[in-house]
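[1] from the sequence below, what's the structure:
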Amino acid sequence: MFGNVVEESARGAEITSTDGKNYLNCGGYGVFFVGAGHPRVVAAVRRQAGRLALSTRLFLDPVSGLAAEALTGVAPAGLDRVHFSGSGTEAVEAAVKLARAHGRRRLISMRNGYHGKTLGALSLTAKALYQDPFRPLLPDVHHVPFGDTEALAAALGDGEDACVVVEPVQSEAGVIVPRPGYLAAVAALCREHHAFLVVDEVMTGLGRLGSWWGCAAEGVRPDVLVTGKALSGGVMPVAATLATQEAFEPFDADPFLHTSTYSAAPIAMAAVSATIGVVRDEGLVERAASIGARLLPALRAVTADRAPGLVREVRGAGLLIGIELVDAGAAGEFLLEMVDRGVVINHSLNAHPVVRLTPPAVLSPSQEARLLEAFEGSLTAMAKSLT
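    Below you'll find the predicted structure:
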């Protein structure tokens, strides 16, 4: 879409292109929660790169142990086993394999959910556009409407061979926020039907929603939780699959069941530990909640004032905000208008009329104002073009 723009550098909430133009980064698909190039994360990665970037996988590696300790220290209680990987879709694959190792071969995910595009994760990603070229996918996969606990109960049926995979908020579906208590109801149904519960927090975890975890906000502890995106610190690709001791037992019993050459690479583990420290020490979870609490009503007010006929809804939680326009064409035009005004945002893979804001929690007051100014200017320009 923007072949004439070349990124040169990034720091905090801002990107600089090779032609010297500055952009406010409210996109990045959720990766830059602590901003780009955070000094603590960069310094940790540099130190580790000079010491031991990758390990032999034969000897013990304390850096991965420290990263696992840091991650489990902020995870919901009881999720004290970790498998690190390079991307969210790999983390989902590990979760599916754990479920299968426990005999849970029937997979249930939510319509319009997004869990990645490797073959197993793609089977859960309920979008024919991405699935059809690669069929056949995994067998015995069922999709039910997000937010519909009756449909989930019917899909679970009487068997004890199911694994349910769910997001606290459906991001790629257009930032669909369920009613309060939905996730807790899903967990209760899984307990009732002896189903394996996987909560996909690749996008929502580590503070994005204004809480450390979307599931913890509802008092839910799944069998497996997957995370990524923000875990990278915006510096190193990394994701993780966290599990209870019981859920992780097959991997503990035979560590060769699920392996990857670059899993828990020391250079990535240094980024993980530093990132968690930054989120905790700088109060970024709380900042995400407070910035989101200001932005969401402000965006709604601008919409009502400038272009109520162009925007169907502004919705979100914390710093995951979706803006649903009247159609996909309007969403594309709005994205271009925002970029012209120096603000980067994202489209939604499973909901083309929806654009998303995923700004970092280090957003300053002046950057908030800049975002709102670009938002107002974009809608005003679009509204004028229709008159």
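
[2] tell me the pLDDT at the closest residue to residue 86 other than its chain neighbours?
    Of all residues not flanking residue 86 in the chain, residue 237 sits nearest, at 5.1 Å (C-beta to C-beta, 6 or more residues apart in numbering). The way it works is simple: take the backbone N, C-alpha and C, and place the C-beta from them, glycine included. pLDDT, residue 237: 97.

[3] cool, residue 2 as well?
    For residue 2, pLDDT reads 67.

[4] and what of residue 161?
    pLDDT, read off for residue 161, is 95.

[5] leaving out sequence neighbours, find the closest residue to it.
    Nearest residue to residue 161, sequence neighbours excluded (C-beta to C-beta, 6+ apart): residue 106, at 5.1 Å.

[6] again with residue 266
    Using C-beta to C-beta, 6+ apart, the closest residue to residue 266 is residue 63 (4.3 Å).

[7] contact partners for the residue nearest to residue 86?
    For residue 237, the contact set (C-beta atoms under 8 Å, 6 or more residues apart in numbering) comprises 86, 87, 268.

[8] any idea how far the second one lies from residue 7?
    In this structure, residue 87 and residue 7 are separated by 20 Å, where distance is defined by C-beta to C-beta, to the nearest Å.

[9] who has more neighbours out of the two?
    residue 87 (19 against 13; other C-beta atoms under 10 Å).

[10] surely the more buried one touches residue 117?
    No. In this structure, residue 87 is not within contact of residue 117 by C-beta atoms under 8 Å, at 9.8 Å.

[11] quick one: average pLDDT of stretch 263-272?
    On average, stretch 263-272 scores 98.

[12] quick one: residues in contact with it.
    Outside stretch 263-272, the residues touching it (C-beta under 8 Å, 6+ apart) are 41, 44-45, 47-49, 51-55, 61, 63-64, 66-67, 70-71, 83-86, 231-233, 235-238, 240, 262.

[13] still on that earlier bit, so what secondary structure elements neighbour the strand or helix carrying the residue nearest to residue 266?
    Residue 63 is located in helix 62-74, with elements delineated by DSSP states H and E. If contacts are counted by 3 or more C-beta pairs under 8 Å, 6 or more residues apart in numbering; DSSP states H and E, helix 62-74 sits against strand 81-85, strand 239-243, helix 266-281.

[14] wait, which of the contacts of residue 237 is closest to residue 386?
    residue 87 (40.5 Å; C-beta to C-beta).

[15] OK, contacts around that closest one?
    With C-beta under 8 Å, 6+ apart, residue 87 has these contacts: 116, 228, 237, 239.

[16] skipping adjacent residues, who's closest to the last one in space?
    Taking C-beta to C-beta, 6+ apart, and ignoring the residues beside it in sequence, residue 239 has residue 228 as its nearest neighbour in space, at 3.2 Å.
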